[in-house]
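**Student:** Prediction below, plus the sequence it came from.
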Amino acid sequence: MSTQTQRASITSALFMNPQSIALFLSIFAILQLCASSALAAAAPSAAQTQRSPAAKTPVAKTRQAPAERPAFGKLLAEHAGAIVQVKYVLRIKGPKGPDRSSDAEASGVMIDPSGLLLVSNANLGMSELMRRMGSSQGLSANATELRVLIGDDTEGLPAQLVARDTELDLSWVKIDDPKERKFEALDLSASAEPQPGDTLVLLSRTAQFLGHAPVAVEAQVAGRTDRPHPLILVDGTGGLHGAPAFTLAGKLAGVSVLQFPDEESHLHSTAPSPGMILTAEELRRATARAKEQASRTAAHEASERAEEKKLESSGAGAAAPPDAGPGR
C-alpha cells in the first residue's frame, strides 16, 4: 500500500468514528498546553505514543459465511436503541496559560433502564495515558456539560458523570431527570465466554455528519489474558472503544476498551497490538462498584445540601466549602 493510500485510510478512520475524534481533540489540547509551558519538545513523542496503538490495530475483516450474516442485522435491530451518543465539552486545565475547551462526542451504551450508561473513559478525553501525561505536567482533563442523545434526538438529555475507572477505561454517566421514562438497555447478565476463532460483533454509532447511524463491526477472537485485566483479545475493533461486543448467538461478550502498558512493561516490541474487550463478568463487577460509589457520592452531596439549608435558616451564615468526597 502506498504512503498516500495509508494516509487516506488513517484520515478516514479518524473522522468516521466520534471516539477517534474525541481522543484526537483531547491529545491536541494537551499538546497545545504543553507547548505553552515550554514542553513542546516532549509533545511529539507523547502524541506518537498515543497514536501508535490505534495505528497498529488491524481493521476487522469479513470472514463469516453468508448464511450467518443475518445475525449482524438482528443484533442491530435488537440493540440499536441502547447505543447512544454523548455530547460534552472537554475542558483542559494547566498550570500556565488559559484553560482550553472543545466540543466533542462519544458513543455510549445504556446499561440500566433508569438512564445509566457506559462510555469509554478515553472517549471522554480522560484515558490512562492522558492522566499520566497530565499528572507529570500539572494538566487535567474533564468532560463537562454532558448531554445524552437517544435515537434521532439532536438536543440531548442533561447528564452527569457519576463514576469512572481510569484503569479499566470506563466511565458511568447518569441522565439527570429521566421523568419516569424507561430506556432501552442491555442486559449485562445475558453473557457468554467466546473462544479463539469465534466471531464477535461490536455495535456503535457513527459521527454526527453521518447521522449517528448504528453500525456493526466484525472482530474475531484471537485469545484471552488476565493481564492487566480479564480481556478478550481480538484481531481488531475498528477503532471503537466503549462498544458492546456480542457473539453471533446474541450474548454479550464484553465491551471494547483502550489499554496502555505501565512504565515497567513499556518495552519495545514487534508483537502486534490486538484489540481488547473487557469481559462481561469484569464489566458487571466494575458496574456494581460504580453504582456503590455513585450512591455514596449522592448521599454525601444530599447531606451537605441539607446542612447548608440548616445553617442558612438558623442565620449562621454560609457553610464551609464541602470536602471533595469520593473520587470520580
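**Tutor:** Received the coordinates, thanks.
**Student:** Could you use CA atoms for every contact and neighbour count after this?
**Tutor:** Will do.
**Student:** any idea which helix is longest in the chain?
**Tutor:** Looking across the chain with DSSP state H, the single longest helix is helix 280-314.
**Student:** Now do the helices in the protein.
**Tutor:** 3-16, 18-36, 43-56, 70-79, 128-137, 280-314.
**Student:** weakest of these in terms of mean pLDDT?
**Tutor:** Looking at those, the lowest mean pLDDT belongs to helix 43-56 (a mean of 38).
**Student:** Pull the contacting residues for E180.
**Tutor:** Applying Cα atoms under 8 Å, 6 or more residues apart in numbering to E180 gives the contacts S114.
**Student:** now it: how far from P113?
**Tutor:** As judged by Cα to Cα, to the nearest Å, E180 and P113 stand 10 Å apart.
**Student:** does L157 really touch R147, like I thought?
**Tutor:** Yes: the criterion here is Cα atoms under 8 Å, and L157 meets it with R147 at 5.0 Å.
**Student:** Looking at the two, which has the bigger crowd around it?
**Tutor:** R147 (23 against 19; other Cα atoms under 10 Å).
**Student:** Skip the chain neighbours and tell me the closest residue to the more buried one.
**Tutor:** Distances taken as Cα to Cα, 6 or more residues apart in numbering put P158 closest to R147, at 4.5 Å, once the chain neighbours are dropped.
**Student:** what number of residues lie near the residue nearest to L149 when sequence neighbours are not counted?
**Tutor:** Counting by Cα to Cα, 6+ apart, L149 lies nearest to G156, which is 4.3 Å off, once chain neighbours are set aside. Neighbour count of G156, defined by other Cα under 10 Å: 17.
**Student:** contacting residues for G156?
**Tutor:** Contacts for G156 (Cα under 8 Å, 6+ apart) come out as K87, R147, V148, L149, I150.
**Student:** Need the contact partners of stretch 193-206.
**Tutor:** Applying Cα under 8 Å, 6+ apart, the set of residues contacting stretch 193-206 is 16-18, 64, 72, 76, 80, 83-85, 107-108, 212-224, 237, 240, 243-248, 253, 279.
**Student:** same question for it, mean pLDDT?
**Tutor:** 94.
**Student:** what packs against the longest helix of the chain?
**Tutor:** strand 157-165, strand 252-257 (3 or more Cα pairs under 8 Å, 6 or more residues apart in numbering; DSSP states H and E).
**Student:** These into a markdown table, with extra columns for mean pLDDT and distance to R296?
**Tutor:** Output for the helices and strands packed on helix 280-314, formatted as a markdown table (pLDDT from 0 to 100; distance: least, Cα to Cα, whole Å):
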| stretch | mean pLDDT | distance to R296 |
| --- | --- | --- |
| strand 157-165 | 94 | 10 |
| strand 252-257 | 96 | 26 |
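**Student:** nearest to P98, of those?
**Tutor:** Of all the helices and strands packed on helix 280-314, strand 157-165 sits nearest to P98, with 24.2 Å by Cα to Cα.
**Student:** send the alpha carbons of the closest one over as PDB?
**Tutor:** These are the backbone C-alpha positions of strand 157-165, laid out as PDB (Å, rounded to 0.1, in the frame of the first residue of the first chain):
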ATOM      1  CA  LEU A 157     -30.900  15.000  27.900                       C
ATOM      2  CA  PRO A 158     -28.600  16.600  30.500                       C
ATOM      3  CA  ALA A 159     -26.500  14.000  32.400                       C
ATOM      4  CA  GLN A 160     -23.700  13.800  34.900                       C
ATOM      5  CA  LEU A 161     -20.500  11.700  35.200                       C
ATOM      6  CA  VAL A 162     -21.200   9.700  38.300                       C
ATOM      7  CA  ALA A 163     -18.200   7.300  38.400                       C
ATOM      8  CA  ARG A 164     -15.200   6.200  36.500                       C
ATOM      9  CA  ASP A 165     -12.400   3.700  36.500                       C
END
